[in-house]
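1. fold the following.
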Amino acid sequence: MSTGDKAEFEGLLERFGKAWESGDAAEMAAVFAETGVFVPDLHGSPVVGRDAVAEYWKDIPHEQSEVSFRSGEIHVAGPWFAAEFKCTFRRRRTGHPMDVRGALFCETEGGEITEMRMYWQRRAAESERS
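-> Sure thing, here's the model as predicted:
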């Protein structure tokens, strides 16, 4: 198992976030190894394989607009990295702004993500709760 460096991991996370913002499911999946695993939430079933990851994210352009993804400090331990993230978007169907905050835990090999676990909480954005 190879080890990565912080800059490499920052690049993977930046690509993932920019692809989320643009609704590009194929690019989101491109940071994964061909047989990579994505665990979308604490109780979700694993999504296995780059094609399946792209399929999981394919509806973003139809469901989310005005997407903004930001991540916090990346913490590195060998081939693993973790970071908090914040993603805001507007629901296309209702127009309601949403705020998703969570953490990503990733294992990598050869410059690709072999497993990503995502833990998050979604809520109406501040402007909707006041």
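2. could you use CA atoms for every contact and neighbour count after this?
-> Noted.
3. helices of the protein, start to end?
-> 6-22, 25-30, 50-57, 60-63, 126-129 (DSSP state H).
4. can you redo these as CSV with mean pLDDT, mean neighbour count and distance to Thr108?
-> Formatted as CSV, these follow (pLDDT from 0 to 100; neighbours: other Cα atoms under 10 Å; distance: least, Cα to Cα, whole Å):
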stretch, mean pLDDT, mean neighbour count, distance to Thr108
helix 6-22, 96, 18, 9
helix 25-30, 97, 21, 13
helix 50-57, 98, 18, 14
helix 60-63, 93, 15, 25
helix 126-129, 56, 9, 35
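5. could those helices be laid out in CSV, adding distance to Glu73?
-> Below are those laid out as CSV (distance: least, Cα to Cα, whole Å):
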stretch, distance to Glu73
helix 6-22, 9
helix 25-30, 20
helix 50-57, 24
helix 60-63, 25
helix 126-129, 24
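6. which of those helices sits closest to Ala82?
-> helix 6-22 (9.2 Å; Cα to Cα).
7. please tell me how far that closest one is from the chain's geometric centre.
-> With Cα atoms, centre = their mean, to the nearest Å as the basis, helix 6-22 stands 9 Å off its chain's centre.
8. helices or strands up against that helix?
-> With contacts taken as 3 or more Cα pairs under 8 Å, 6 or more residues apart in numbering; DSSP states H and E, helix 6-22 sits against helix 25-30, strand 64-71.
9. what's the closest of those to Thr114?
-> Short answer: helix 25-30, nearest of the helices and strands packed on helix 6-22 by Cα to Cα, at 11.1 Å.
10. any chance you could list what contacts the closest one?
-> 15-17, 19-20, 50-51, 53-55, 57-58, 60 (Cα atoms under 8 Å, 6 or more residues apart in numbering).
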